[in-house]
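J.: I'd like to go over a predicted model; first the sequence, then the structure.
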Amino acid sequence: MKTIRVIPRLDIKGPNLVKGIHLEGLRVLGKPSDFAKYYYEQGADELMFMDVVASLYERNSLHDIISETAKKIFIPITVGGGLRTISDIKEVLRAGADKVCLNTAAIKRPQLIKEASRTFGSSTIVVAIEAIKENNGKYLAYTDNGREFTGVDVFEWAQRVDEFGAGEIVITSVDNEGTGQGFDVDLVKKISNLVSIPVIAHGGVGKPEDSLKVLKGSHPADALMISSLFHYHYIKENESKVSNEEGNVEFLKQKRNFHTFEPCSINDLKKTLTENKIECRL
Amino acid sequence: MDSLKKKVIIIDYQLGNLFSVKQACDTVGMNAKISTSREDILNADALILPGVGAFNEAMINLEKLDFISAIKLKVSKGIPLFGICLGLQLLFTESDEFGEGKGLDLISGLIKKFPEEHNENKIKVPHIAWNKIYSCNLDWRDIPLFEFNNNEYMYFIHSFYVKPTSNLCVLTNTNYEGVEFCSSILENNIFATQFHPEKSGEKGISIYRNWATINNLL
């Protein structure tokens, strides 16, 4: 029996929680620590913090947010964005992260995965793969939140990531991300079949039921990573808190983006999973 | 006041993240210190042996820092020791994966890797999940799990597990994809978990609190 993890993902820019579509067009939603605390109380199995502009500036600036969060939140925290060297990784782990997520630097220099997993243990190293489907049906890996073309085949890359000793893979469908049209089930399942390590599905979930397809049948995902669905739920529940000077007030009030989503809490999502005989921690 | 409190030493052998272990200790009010000093280990009132990473590398570091004899001496004197994850595995005799992987041998048994397959099902390794712990044959009264119901979820992240020679020390078992393994042990003054209580929410923190209370460390 396998227990599925539900992992809220918090994209961070500067001091703010942001959310985009196809990983782009970022809007400010509020204070990361408020969301993190709420998700912890709601039964999140882990948290993922991603510094979405870090690769651009070649540095990760989440240390303070991590340290503050790790003092009060007793679930695993993964941190990604702009981590290029063993000493970058050491720094975020020292700030209180339990795992790190690599993408850009790993594609540029795959040896980093080997060095990092040897130094910190495989289970500390998560590799994110951002996939975009080409017109010919091929999936290629991108970096820098889907901005940079690498020409690397996603499935070949996933197998190398596994061989090089990563502990987990986050597979993001950039095409579906932020759209609410559901996971790219074929992409996720094909990766899950090819590798021997856990696979986290990310990108596109618009309603609780969307999560079932990647978890049922053969080669299921091992965990779900979700942002919009939970963020929009938080905003609905905490309107007064969000509509202050920090958020993108007009955008949030209009709820323009919400129509493709059925916002739900982590707890509600887990109930849907349990009702469909998928085991998770309730 | 802190100087009057019992000294808990979190043994730092330069592998993995000890931040969350220290946070958990602070949260429940222990006087805990992360240390790389043999002297501190010898003067401790209680020891925590955490750890993430590779078994062999951990033993090499413990040897280099001259911690092995210090830990063994303290345990033989009855000082409480709490092992977590790799810290549980290090207590055992040896790893069957690497020829020369000798452990601390405080408890007799082997360290094994999860198989890639079980009953023709592929098993994803590492085992990274919240999974259930259920009782084996030991009574849960007067131990850090005393408040727990059977089948409580705890957070696991590991590729290896322990197989004690005698199951008399097995406190809980856990099942991952059909493979049943020992997820916590209790033997005299040694308590150790394969899961990470400091990453298992408020329930997990209660294990720290209960361990501290039972051993009069608060």
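T.: Thanks, I have it.
J.: So what pairs up with A:Lys133 in the strands?
T.: Residues in a beta bridge with A:Lys133, per DSSP bridges, are A:Tyr139.
J.: I'd say B:Leu168 and B:Gly109 touch.
T.: No: with contact defined as C-beta atoms under 8 Å, B:Leu168 does not count as touching B:Gly109 (11.3 Å). Just so you know, the C-beta spots here come from the backbone N, C-alpha and C atoms, and that holds for glycine as well.
J.: Settle it for me: which of those two has more neighbours?
T.: Ranked by neighbour count (other C-beta atoms under 10 Å in any protein chain shown), B:Leu168 and B:Gly109 place B:Gly109 first, with 22 against 12.
J.: in terms of contact count, name the helices or strands touching the host helix or strand of A:Tyr234.
T.: Secondary structure assigned from DSSP states H and E places A:Tyr234 in helix A:228-237. Using 3 or more C-beta pairs under 8 Å, 6 or more residues apart in numbering or on different chains; DSSP states H and E as the contact test, the elements touching helix A:228-237 are strand A:16-21, strand A:24-30, helix A:32-41.
J.: and residue 21, how many neighbours?
T.: This is for chain A. Neighbours of A:Ile21 under the rule other C-beta under 10 Å: 15.
J.: nope, chain B
T.: Other residues near B:Val21 come to 27 when the count uses other C-beta under 10 Å.
J.: so how far is stretch B:82-90 from its chain's centroid?
T.: Taking C-alpha atoms, centre = their mean, to the nearest Å, one finds stretch B:82-90 lying 3 Å from the centre of the chain it belongs to.
J.: swap in stretch A:18-25?
T.: Put simply, stretch A:18-25 sits 12 Å off its chain's centre (C-alpha atoms, centre = their mean).
J.: again with stretch B:175-186
T.: 14 Å.
J.: pLDDT of it, averaged?
T.: Mean per-residue pLDDT for stretch B:175-186: 97.
J.: ditto for stretch B:139-147
T.: 86.
J.: what does that stretch rub up against?
T.: Defining contact as C-beta atoms under 8 Å, 6 or more residues apart in numbering or on different chains, one finds that stretch B:139-147 is touched by B:133, B:148, B:171-172, B:184, B:186, B:191, B:206-208, B:210-211, B:214.
J.: hmm, back to that, what's the angle from the helix holding A:Tyr234 to helix A:32-41?
T.: Helix A:228-237 runs at 100 degrees relative to helix A:32-41, counting by axes from the mean of the first three to the mean of the last three C-alpha atoms, to 10 degrees.
J.: Can you select the buried ones from the contacts of stretch B:139-147 in PyMOL?
T.: Buried residues among these (16 or more other C-beta atoms under 10 Å in any protein chain shown), as a PyMOL selection:
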select buried, chain B and resi 133+148+171+172+184+186+191+206+207+208+210+211
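J.: okay if I get the contacts of stretch B:139-147 as TSV plus distance to chain A and secondary structure?
T.: Shown next, in TSV, are the contacts of stretch B:139-147 (distance: C-beta to the nearest C-beta, whole Å; DSSP: H, G, I helix; E, B strand; the rest coil):
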residue	distance to chain A	secondary structure
B:Ile133	12	strand
B:Phe148	14	coil
B:Leu171	20	strand
B:Thr172	16	strand
B:Ser184	17	strand
B:Leu186	22	strand
B:Phe191	19	strand
B:Ser206	10	helix
B:Ile207	11	helix
B:Tyr208	10	helix
B:Asn210	15	helix
B:Trp211	15	helix
B:Ile214	20	helix
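J.: ok, the contacts of stretch B:139-147 vs A:Ala141, which is closest?
T.: Ranked by distance to A:Ala141 (C-beta to C-beta), these are led by B:Ile133 at 38.2 Å.
J.: Please give me every residue in contact with the closest residue to the closest one other than its chain neighbours.
T.: Spatially, and ignoring its direct neighbours in sequence, B:Ile133 is nearest to B:Thr172 (4.0 Å; C-beta to C-beta, 6 or more residues apart in numbering or on different chains). The contact partners of B:Thr172, taken as C-beta under 8 Å, 6+ apart, are B:133-136, B:145, B:182-184.
J.: distance of B:Thr172 from A:Gly121?
T.: 23 Å (C-beta to C-beta, to the nearest Å).
J.: B:Phe195 falls within a helix, correct?
T.: No: B:Phe195 is assigned coil when assessed by DSSP: H, G, I helix; E, B strand; the rest coil, not a helix.
J.: Go ahead and confirm it touches B:Met154.
T.: Yes: here B:Phe195 reaches B:Met154: they are 3.7 Å apart, a contact under C-beta under 8 Å.
J.: any residues in contact with both of the two?
T.: Shared contacts of B:Phe195 and B:Met154 (C-beta under 8 Å, 6+ apart): B:131, B:133, B:183, B:204.
J.: So which of those residues are in strands?
T.: B:131, B:133, B:183 (DSSP state E).
J.: Buried by neighbour count: which residues of stretch A:54-72 qualify?
T.: So, applying 16+ other C-beta under 10 Å, buried residues of stretch A:54-72: A:54-55, A:60-63, A:65-67, A:69-70.
J.: Please identify which of these is nearest to A:Val6.
T.: A:Thr69 (17.6 Å).
J.: Chain neighbours aside, what residue packs nearest to the closest one?
T.: Distances taken as C-beta to C-beta, 6+ apart put A:Ala36 closest to A:Thr69, at 5.1 Å, once the chain neighbours are dropped.
J.: list the contacts for the one you found?
T.: For A:Ala36, the contacting residues are A:10, A:47, A:69, A:73, by C-beta under 8 Å, 6+ apart.
J.: Give me the pLDDT for the last one.
T.: To tie it back to what came earlier, the one meant is A:Ile73. Looking at A:Ile73, its pLDDT reads 94.
J.: ok, now the second one?
T.: At A:Leu47 the predicted local distance difference test score is 98.
J.: Tell me if I'm right that it and A:Val6 touch.
T.: No: counting by C-beta under 8 Å, A:Leu47 stays clear of A:Val6, with 10.6 Å between them.
J.: picking up where we left off before, just flag whichever of the helices and strands packed on helix A:228-237 has the lowest average confidence.
T.: Per-stretch mean pLDDT for these is lowest at strand A:24-30 (a mean of 82).
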